[in-house]
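Student: Would you be able to build a 3D model of this:
(chains A, B, C and D)
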2 protein chains.
Amino acid sequence: MENLIPDIIVGRLPIYLQALEHMKSQGVMSTSSQELGQVIGISAAQIRKDLSQFGEFGKQGKGYSIPFLVEQLRSILNVDQVWDIAVIGAGNLGRAITHYQGFLNHGFRVKLVFDNDPRCIGTPIIDEFIVQDMANLVPLVQKANIKIAMLTVPASAAQSVTDLLVKAGIKAILNYAPITLSVPPGVHVQYVDPVIYLQKMTYYLK
Amino acid sequence: MENLIPDIIVGRLPIYLQALEHMKSQGVMSTSSQELGQVIGISAAQIRKDLSQFGEFGKQGKGYSIPFLVEQLRSILNVDQVWDIAVIGAGNLGRAITHYQGFLNHGFRVKLVFDNDPRCIGTPIIDEFIVQDMANLVPLVQKANIKIAMLTVPASAAQSVTDLLVKAGIKAILNYAPITLSVPPGVHVQYVDPVIYLQKMTYYLK
DNA sequence: TAGATTGTTAATCGATTAACAATC
DNA sequence: TAGATTGTTAATCGATTAACAATC
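Tutor: Numbers count the residues shown, from 1 in each chain, chains lettered A, B, ... in the order given. You can find the predicted model right below:
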């Protein structure tokens, strides 16, 4: 039987991975839960508890091998492979995402870009990226076997586009639109509307 | 004495506000905790409990007046005013953010944009937006009395730029760079690195 | 009035922290 | 070996849910 890991723990794993990859790129070969916790602002006990859900990755008295733990976390998070992504909406944000180099080497690659604006369809974003007609979204996403989408369309279009994405077999949506999406069970959504995060901070200001 | 509200509750208020503003724009004048919860996927009990931290905004048997609750939430979140924002990094993402219309009417306005690339400094992003030299960040942010920054620089520059922002009096940072920032107490940081959110979802895929 | 829905209390559930034996 | 740090257990802390009297 599958051991069910709380979502809140899963959400911390990418943060651990990010910090460990940074240390690794600096040539640091090992760390402790204490040191890692200091860097990312999480208690050492919590890091050890979280990791213990997945195995025993450390050595008493020694801490953790960074290359080993990076490898383990990549495997746990399924980013020891490359996931193709469809970007929906070729406005300023969609194009910025398509240009972003930060996905490479972290498990992701933008493969298709869609828009419904005729002035935009067929134009190149970079060399190989031609903006596709949203009307062809379902067959093209299905054919490319893409499971992840990034949604950068206006709020007014977001739900209807989401319905298309679900129809096309998309299982994970990173949503930049300022609206809560309705999706069937088994489809994951993460919200990254900047306004939500800014308003969370202005509560504490003034 | 100030009543201390848990951060997790504060984080839900902008979601309530977003949904209520959407309903309001549709001409809906009132709602219940049940209905609102359905829309955003949060239990009715939790919504009532959260709101009760700040006052009594509903009427038994009737629910909540949407215009009234919107007004109250805006006031609680301090977005019944307009906050000027400094965007740091005039790359693809920084420029996309500067163009984004979604801040207007939600409490925010991009006021200054900075970069350190000489080929970029002095060029206009839109009519009134000239990219400013990062070397002038501290005095310009101080003079404009800006308290909120959005950080779109590479990870390698993020911490040193953050130190400048803190020096300039910035109290809230929305960080797109893939790195945990170190800030003094009283400075708030929210993380919106897309890779973190994508990796959180790929855990559940395949 | 009768029905609906709030605000709040108490019970449940889940997450974090502290502490330490095991051991590298 | 002595010191350091893990993995894990038990205790604490906090968040969510269920239930219902109050009342519009």
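Student: Next up, the contacts around A:F103.
Tutor: A:85, A:109-110, B:194-195, B:198 (C-beta atoms under 8 Å, 6 or more residues apart in numbering or on different chains). Yep, even glycine has a C-beta here, placed from its N, CA and C like the rest.
Student: if you set the cut-off to 7 Å instead, what comes out?
Tutor: The neighbours of A:F103, taking C-beta atoms under 7 Å, 6 or more residues apart in numbering or on different chains as the test, are A:109-110, B:195.
Student: Give the helix, strand or coil label for the residue nearest the centre of chain A.
Tutor: For chain A, A:L174 is the residue whose C-alpha lies nearest the centre (C-alpha atoms, centre = their mean; 6.9 Å). Assigned with DSSP: H, G, I helix; E, B strand; the rest coil, A:L174 falls in the strand class.
Student: what's the helix or strand for the residue lying closest to it once chain neighbours are set aside?
Tutor: Spatial nearest neighbour of A:L174, excluding adjacent residues (C-beta to C-beta, 6 or more residues apart in numbering or on different chains): A:M150 at 4.6 Å. For A:M150, the element it lies in under DSSP states H and E is strand A:148-151.
Student: A:K200 too?
Tutor: With DSSP H and E as criterion, A:K200 is part of helix A:194-202.
Student: Just give me how far that helix sits from the chain centre.
Tutor: Taking C-alpha atoms, centre = their mean, to the nearest Å, the mean C-alpha location of helix A:194-202 is offset from the chain mean by 20 Å.
Student: what do you get for stretch A:157-173?
Tutor: Distance of stretch A:157-173 from the chain centroid (C-alpha atoms, centre = their mean) equals 16 Å.
Student: circling back to that earlier point, is DNA strand D contacted by the helix holding A:K200?
Tutor: No - Helix A:194-202 lies apart from DNA strand D when judged by C-beta under 7 Å from any atom of the strand; the minimum separation is 14.2 Å.
Student: Quick one: mean pLDDT for that helix?
Tutor: Mean pLDDT, helix A:194-202: 98.
Student: cool, and stretch A:31-46?
Tutor: Averaged across stretch A:31-46, pLDDT comes to 98.
Student: sorry, back to before: ok, the helix holding A:K200 near chain B or not?
Tutor: Yes - using C-beta under 7 Å from any C-beta of the partner chain, helix A:194-202 reaches chain B at A:194-202.
Student: still on that earlier bit, let me know the distance separating the residue nearest to the centre of chain A from A:A149.
Tutor: Per C-beta to C-beta, to the nearest Å, A:L174 is found 7 Å from A:A149.
Student: ok, and the most crowded of the residues of helix A:194-202 next to chain B?
Tutor: Neighbour counts for the residues of helix A:194-202 next to chain B, by other C-beta atoms under 10 Å in any protein chain shown, peak at A:Q199, which reaches 27 neighbours.
Student: shouldn't that one be in contact with B:N78?
Tutor: No - contact status for A:Q199 versus B:N78: not in contact, 8.3 Å apart, counting by C-beta atoms under 7 Å.
Student: for DNA strand C, what are the nearby residues on chain A?
Tutor: With C-beta under 7 Å from any atom of the strand as the criterion, chain A meets DNA strand C at residues A:6-9, A:43, A:45-46, A:48-49, A:59-62.
Student: Closest to B:K167 out of the residues you listed?
Tutor: Sorting those by distance to B:K167 puts A:S43 at the head of the list, at 29.0 Å, by C-beta to C-beta.
Student: follow-up on the earlier one: helices or strands next to the strand holding A:M150 in the packing?
Tutor: Here strand A:148-151 touches strand A:83-88, helix A:155-167, strand A:172-175, going by 3 or more C-beta pairs under 7 Å, 6 or more residues apart in numbering or on different chains; DSSP states H and E.
Student: Thank you kindly, that will do.
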